[in-house]
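Student: need a structure here:
(chains A and B)
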There are 2 protein chains.
Amino acid sequence: MASERQHSPGMSRRALLGRTAAAAAGATALTATTAGPAAAATTRDVDVAIVGGGLAGLTAARDLVAAGRTVAVLEARGRVGGRVVNLPLAGGGVTEGGGEFIGPTQDRIKALADSLGVATFATYNTGKNLLYKDGKKTPYATDGLLGSVPPVDVAGLANAAIVQASLDDMAKQVPVDAPWTAAKAAEWDKQTFESWLNANAVVPSAKFLLDVACTSIFSAEPRELSLLFVLFYIAAAGNESTPGTLERLTETAGGAQELRFVGGSQLVPQKLAATLGDRVVLNAPVRTITRSGGRYAVTADGVTVTARRVVVAVPPPLAARITYDPLLPAARDQLTQRLPMASVGKAIAIYDTPFWRADGLNGQVVSDTGVISSTFDNSPPDASYGALMGFIEADEARKLDAAGEAEVRAAVLKDYVTYFGEKAASPTSFVLQRWNNEAYTRGGPVSIAAPGVLTQYGPALREPVGGIHWAGTETSVHWMGFMDGAVRSGERVAKEVLAAL
Amino acid sequence: MASERQHSPGMSRRALLGRTAAAAAGATALTATTAGPAAAATTRDVDVAIVGGGLAGLTAARDLVAAGRTVAVLEARGRVGGRVVNLPLAGGGVTEGGGEFIGPTQDRIKALADSLGVATFATYNTGKNLLYKDGKKTPYATDGLLGSVPPVDVAGLANAAIVQASLDDMAKQVPVDAPWTAAKAAEWDKQTFESWLNANAVVPSAKFLLDVACTSIFSAEPRELSLLFVLFYIAAAGNESTPGTLERLTETAGGAQELRFVGGSQLVPQKLAATLGDRVVLNAPVRTITRSGGRYAVTADGVTVTARRVVVAVPPPLAARITYDPLLPAARDQLTQRLPMASVGKAIAIYDTPFWRADGLNGQVVSDTGVISSTFDNSPPDASYGALMGFIEADEARKLDAAGEAEVRAAVLKDYVTYFGEKAASPTSFVLQRWNNEAYTRGGPVSIAAPGVLTQYGPALREPVGGIHWAGTETSVHWMGFMDGAVRSGERVAKEVLAAL
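Tutor: Numbers count the residues shown, from 1 in each chain, chains lettered A, B, ... in the order given. Next up is the predicted model:
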């Protein structure tokens, strides 16, 4: 097989990258210690092999290099950034197919972007939100007494407020670094979020608000999630000094959707990767991690890296697909069988202008129907064109997984017309990013936990296995599931590895 | 890498097996169409490549060969049988480390065993069961008014009877071939079995009985399971003419633990494999399944099989670890992220005699404490020695995953002494099988489903993807999780493939 692969165009490019990379990055050696004479794969010898060139892996690489260590980052795709990606537009410019927003207390992604000269701008939030419910459109101000809570009936608003306060209160009792040690962890990890909502969000319109919050935050339905996992996720929506709240997860101004990056979020990993030069090897999906004596051989298609330590910075269900020798402990393996990716897509329609602004709308919709139940104005800061971005989430994403792009486009535009009128029917271009169908993500935005997972397997999330360390946003104690969590995990794992080297 | 692998002792044996196998089994050709000149891996060309040499894969192979098709079965381990294994005893003879029992309505495993000349004998069931609860031992007859329900307080027995009847009634409303179409599927798939039990098994001793039943049946805690999945599993504990019941899952006489195989259960897959000769390739873990034109290349360590159709007959979380090209549809991939293996081990202590029989005990315990809460008399039919077998299940299995064998042995024997007295402290030998730590199972006995999985992903369990078909006990509509389900899945998939070829 080796010689066959070698002759494919993808392989040639990969091998080439591998060689020039090693030479330019000052890796300690280009040897062929693990490959036999017939194998043409490149081999590199470094201090730390890093699996995954998303924000977590790249951040870890940055810190390790800064500490004088040699690294190689093996990235499966032909690009860096993982779940953060800029997509080119037909008319020029880019839009964002993955993580794009940052907000208050997301200090580490902000610091990283600052250090790379990537500026932020405010997510468009001028004008009214739109509630679409029971076939009726209701614009509403986002700076009223209720903040940006959609104006459902008074009983529903009252119920939702109590539910929200309860969730925040419970979340405060969850230690972000060990949710399984919460006094009520066992009780909260026995039930689905749906079961808890059924008992607490008893007014239908309140249940609607919480359901929309759930799918918007997790791209999963309440029945798929452990209550404890939801509480942990809320608790993690803050930093070392500011506890997380549900509101910070859902809000635009003052919340996790407050800011965007000028030039698109992928500029951050791209610029970070540029500082690492040829230490980053693209098109190198890792297949095996093998310990031999005190060292590891990390074998990707076309390149093997030998190292003293390994950082695995890919989502847990993908980490499970690497072959480890020796075997991982059962706790770690079974954990990775139990953290599936949620289901998400993004649909971005481009128009000559952000025409909804003239109607007094900010482009943000909350809907009880349709393929898209949550939208944002994704236009560039200069509004040189208009962009409507909608999330395709949870059940809606899964229903459309096997549909052709034309079918998805038609369904999305139908929703956009419902929300914003006939002008929405004719975008100048249309971009679709379907994370469930991506080989090196297979869902998104983040792993989710059903009941029983955190209490039984939580400690295996970050505990190193020999010289193998775990990173990725799923391992972060703050902003798990966000770009900020990915950066934090990279910083944490670099410290962990440096202490061990 | 190919040449490196070739030089390992394991590899030489494997390659040799591959070659002789192809020659002897009349495979259509020994070609090297997919391997380049430098790759030394064996290549076989057959009608159907089968991944996994457990009962499912071997049964499929048998039926395909009987229909005149060529097959190759690629088995990762150095033995056939998958989750069915005979373990050698120090004093000679074998005991069983995996699936061992069969019972009424398990027609297909029975027919297979009959066809291979493997006889059955009754699981030892003479004398009294033992309830160990609140530190007290209570022997009880298994043929009383309550069958073998442990004698807890009357309120608990009454409550448990109602709960059992409710579960059976609900299970009758679950179509085994499509549980997600049950009228109440959405309601039942929103909640954990634990949530349902908390609302229905309100008497503590009833909850105890149901908890023990749950861990005994699933090797999982009630919080880990969707109520719908539990109902499906009960419904599946029957055949085409006899609906499943909870009692049939839990009983010895008249239930799924009624009979055992003379010589050990692995004799069935061993004898079946013998009829297939060198069509079965051992030590061949499959890494990639690649479609090219109308054919598939199935690549294992050391051997590549090309075929028109592929049967994947391994548990879903392991099927997820194969690299598929083209990618699997999202529905199938996300399903395999959501069917983790439960957690189980078996501990078998061997004694000179089955001494508990003289005390009027049948060796079957139900306990509310200890590492082992469920035991069986696993002595051979001639009682030439005594064997006490205990299941280490769910939380108890996970607690011991990282423990050394001596520690596990000590904990198990402590329980056996508690239940059966001091004689249990000194077995002549002790055998431990820990499925969570097995590379090619990573848990057991079977995949489990949390809330939301069956309703959203169920149809992907059996739906072929192009020329790739799915088998294994997890895909069976009767006796899912049992040897019988594995055999049924092999028979079903062979029909499916033959219709498509």
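Student: residues in the stretch 101-250 of chain A within reach of chain B, list them.
Tutor: Counting by C-beta under 8 Å from any C-beta of the partner chain, the positions of the stretch 101-250 of chain A adjacent to chain B are A:D189, A:K190, A:Q191, A:T192, A:E194, A:S195, A:N198, A:E221, A:P222, A:R223, A:E224. Any C-beta I mention is one placed from the backbone N, CA and C, and that applies to glycine too.
Student: Report the separation between A:R287 and chain B.
Tutor: 7 Å (C-beta to the nearest C-beta, to the nearest Å).
Student: Likewise for A:A460?
Tutor: 10 Å.
Student: what are the phi and psi angles of that residue?
Tutor: When read as degrees, to the nearest 10, the backbone of A:A460 gives phi -80, psi 0.
Student: so it makes contact with A:R332?
Tutor: Yes: with contact defined as C-beta atoms under 8 Å, A:A460 counts as touching A:R332 (4.5 Å).
Student: List the contacts of A:K137.
Tutor: A:L130, A:L131, A:Y419 (C-beta atoms under 8 Å, 6 or more residues apart in numbering or on different chains).
Student: how about those in JSON lines, adding neighbour count and distance to B:G244?
Tutor: Shown next, in JSON lines, are the contacts of A:K137 (neighbours: other C-beta atoms under 10 Å in any protein chain shown; distance: C-beta to C-beta, whole Å):
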{"residue": "A:L130", "neighbour count": "23", "distance to B:G244": "50"}
{"residue": "A:L131", "neighbour count": "22", "distance to B:G244": "47"}
{"residue": "A:Y419", "neighbour count": "23", "distance to B:G244": "48"}
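Student: Show me these that map onto helices.
Tutor: Mapping those onto helices (DSSP state H) picks out A:Y419.
Student: Geometric centre of chain A: which residue is closest?
Tutor: Ranked by distance to the mean C-alpha position of chain A (C-alpha atoms, centre = their mean), the top residue is A:P445 at 4.2 Å.
Student: Do I have it right that that one meets A:R83?
Tutor: Yes: between A:P445 and A:R83 there is a contact under C-beta under 8 Å: 6.2 Å.
Student: okay, and the common contacts of those two?
Tutor: Contacts common to A:P445 and A:R83, judged by C-beta under 8 Å, 6+ apart, are A:G98, A:G99, A:W435.
Student: Please identify which of those residues is nearest to chain B.
Tutor: Closest approach between the shared contacts of A:P445 and A:R83 and chain B, by C-beta to the nearest C-beta: A:W435, at 8.9 Å.
Student: Please report how far the closest residue to that closest one other than its chain neighbours lies from chain B.
Tutor: Excluding its sequence neighbours, the residue lying closest to A:W435 (C-beta to C-beta, 6 or more residues apart in numbering or on different chains) is A:G444, at 3.5 Å. A:G444 is 11 Å from chain B, where distance means C-beta to the nearest C-beta.
Student: quick one, phi psi at A:G444?
Tutor: phi 160, psi 170.
Student: Now for it, how many residues are close by?
Tutor: 26 (other C-beta atoms under 10 Å in any protein chain shown).
Student: Could you tell me which residues make contact with it?
Tutor: Contacts of A:G444 by C-beta under 8 Å, 6+ apart are A:R83, A:G98, A:S219, A:M341, A:A342, A:S343, A:V344, A:W435, A:N436, A:E438.
Student: what residues does stretch A:198-213 touch?
Tutor: So stretch A:198-213 is contacted by A:133, A:149-150, A:152-153, A:155-160, A:162-163, A:166, A:197, A:221-222, A:246, A:249-250, A:366-368, A:373-374, B:190 (C-beta under 8 Å, 6+ apart).
Student: quick one: which of those residues sit in helices?
Tutor: Those of the contacts of stretch A:198-213 lying in helices (DSSP H): A:155-160, A:162-163, A:166, A:197, A:246, A:249-250.
Student: between these, which is nearest A:A66?
Tutor: Of all these, A:L249 has the smallest distance to A:A66: 31.9 Å, by C-beta to C-beta.
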